[in-house]
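Colleague: have a look; sequence and predicted model below, questions after that.
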Amino acid sequence: MLENINRKRDQILLQVYLFAVAVPLNLVWEVAQIHAYDFPESSSIRDIIGCIVPCLGDGLMTLIILWIGGVVFRNGQWILIPGTKGHS
């Protein structure tokens, strides 16, 4: 039973970590693309704040990919196993 609790805790920590990494990386990517569009009336702070919600959505999509991989590979931590050995 303790092993099952530890496994669930590890799975939750993996999801939190993945979300916490995905959102800021996507925010940096979105902010880097702001200058590709010509909106002279907009402010940088307003643009950055406007990117936060889509970045949260990107973080959610990252978690959905993790969950789908867990179902396909029958291992919730499949992303931690290097190579195709762990994905068979």
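Modeller: Yep, it's here.
Colleague: just checking, what packs against the host helix or strand of residue 66?
Modeller: In the assignment (DSSP states H and E), residue 66 maps to helix 44-73. Packing contacts for helix 44-73, counted by 3 or more C-beta pairs under 8 Å, 6 or more residues apart in numbering; DSSP states H and E, involve helix 2-33. Heads up, the C-betas are built off the backbone N, CA and C, glycines and all.
Colleague: state the distance from the nearest residue to residue 10 once chain neighbours are set aside to residue 25.
Modeller: The shortest distance from residue 10 to any non-neighbouring residue, by C-beta to C-beta, 6 or more residues apart in numbering, is to residue 77 (6.9 Å). Computed as C-beta to C-beta, to the nearest Å, the residue 77 to residue 25 distance reads 20 Å.
Colleague: low-scoring stretches of this structure, by residue?
Modeller: 38-42, 84-88 (pLDDT under 70).
Colleague: follow-up on the earlier one: can you give me the angle the helix holding residue 66 makes with helix 2-33?
Modeller: Orientation check (axes from the mean of the first three to the mean of the last three C-alpha atoms, to 10 degrees): helix 44-73 against helix 2-33 gives 140 degrees.
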